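Undergrad: just the structure for this:
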Amino acid sequence: MTQLVLSEQHGEVTLLTLNRPKARNAMSLDLILAMQVAFDQCMEDSSCRAIVVRGAEGHFCSGGDVSGMTNERSVAESRRRMEIFHHLARTIVAGPKPVIAAVEGFAAGAGFSLALNADYLVAATDAKFISSFAKVGLQPDMGMLWTLRQRVGLGQAKRIVATACKVEADEALALGLVDEVVANAELLERAITIAREFCANAPMPLAMMKRAYARGIHTFEDALRNEMDNSPALYLTKDHREAVVAFMEKRPPIFKGE
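TA: Take a look at the predicted model:
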């Protein structure tokens, strides 16, 4: 049986590969469940400090598996399915480990949503982003109405969703939809390099930052409240003490997430 999500270690970085290449890595329910298991394992594994997610064989993800949409689903069934998608989205957006999306080829529909859940998005020169939901009579999933606006602003988010237009790599970079564009041959190496940069410092402040942004930092007072709630505990961590000692000893700190 084909393993739907491949996992590969690159030091402290775990590479997760969606592995349904014949379907351009379309999200079947089985693939979503396999992704949830893989991300949960990464989030709980102390040896994993960052995650890179990509698609197998030239495409990130072509969206939801249309072959699974032929039968009518009740509202209750659809809600149960959405809960599974939402659990994965929350794990990526609010989970403690940084997630880097490495996108080549198509990121369409739910694949586009998945890429937007990542903390940092690196695109290959052939990447194409399509919010294809309007073409099948649906609205975006996995939080895209929020994540897309966060990156490109309200006007462009409305255009991209309503028209289901194809946004290619150069335009995506200009809009702020992606963080950088590199040649296809350099994509994986660059994504892993960025992941290592994200996990080079103490992990607990990064985890708190992700959780805070997921909950919402909408005002200056939100930011101050977050500091008051979390910073006093960080002052007591071994990582903070190690950083202070390392500074005094003029050496790089060794962070353990403690």
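
Undergrad: can you give me the end-to-end distance of stretch 105-119?
TA: 20 Å (CA to CA, to the nearest Å).

Undergrad: which residues sit against the longest helix belonging to the chain?
TA: What stands out as the longest helix in the chain, according to DSSP state H, is helix 75-94. Residues outside helix 75-94 that contact it (CB atoms under 8 Å, 6 or more residues apart in numbering) are 29, 32-33, 35-36, 39-40, 43, 73, 99, 110, 113-114, 117-118, 141-143, 147, 210-211, 214-215. The C-beta positions use only the backbone N, C-alpha and C, and glycine is treated the same way.

Undergrad: domain assignment for the protein?
TA: Domain ranges of the chain: 5-198, 203-248, per automatic domain parsing.

Undergrad: just to revisit the earlier point, can you dump the C-alpha coordinates of the longest helix of the chain into CSV?
TA: The C-alpha trace of helix 75-94 is given here as CSV (Å, rounded to 0.1, in the frame of the first residue of the first chain):
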residue,chain,number,x,y,z
VAL,A,75,-24.9,18.7,6.4
ALA,A,76,-23.8,16.6,9.3
GLU,A,77,-21.4,14.5,7.2
SER,A,78,-19.9,17.7,5.7
ARG,A,79,-19.4,19.2,9.1
ARG,A,80,-17.6,16.1,10.4
ARG,A,81,-15.3,16.2,7.3
MET,A,82,-14.7,19.9,7.9
GLU,A,83,-13.7,19.3,11.5
ILE,A,84,-11.0,16.9,10.2
PHE,A,85,-9.7,19.6,7.8
HIS,A,86,-9.9,22.3,10.6
HIS,A,87,-8.0,20.2,13.0
LEU,A,88,-5.1,19.9,10.6
ALA,A,89,-5.2,23.6,9.8
ARG,A,90,-5.1,24.5,13.5
THR,A,91,-2.2,22.1,14.1
ILE,A,92,-0.2,23.9,11.4
VAL,A,93,-1.2,27.5,12.2
ALA,A,94,-1.1,27.4,16.0
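
Undergrad: relative to helix 75-94, how tilted is whichever helix or strand comes after that helix?
TA: Going down the chain from helix 75-94, the next helix or strand is strand 99-103, by DSSP states H and E. Counting by axes from the mean of the first three to the mean of the last three CA atoms, to 10 degrees, strand 99-103 lies at 110 degrees to helix 75-94.
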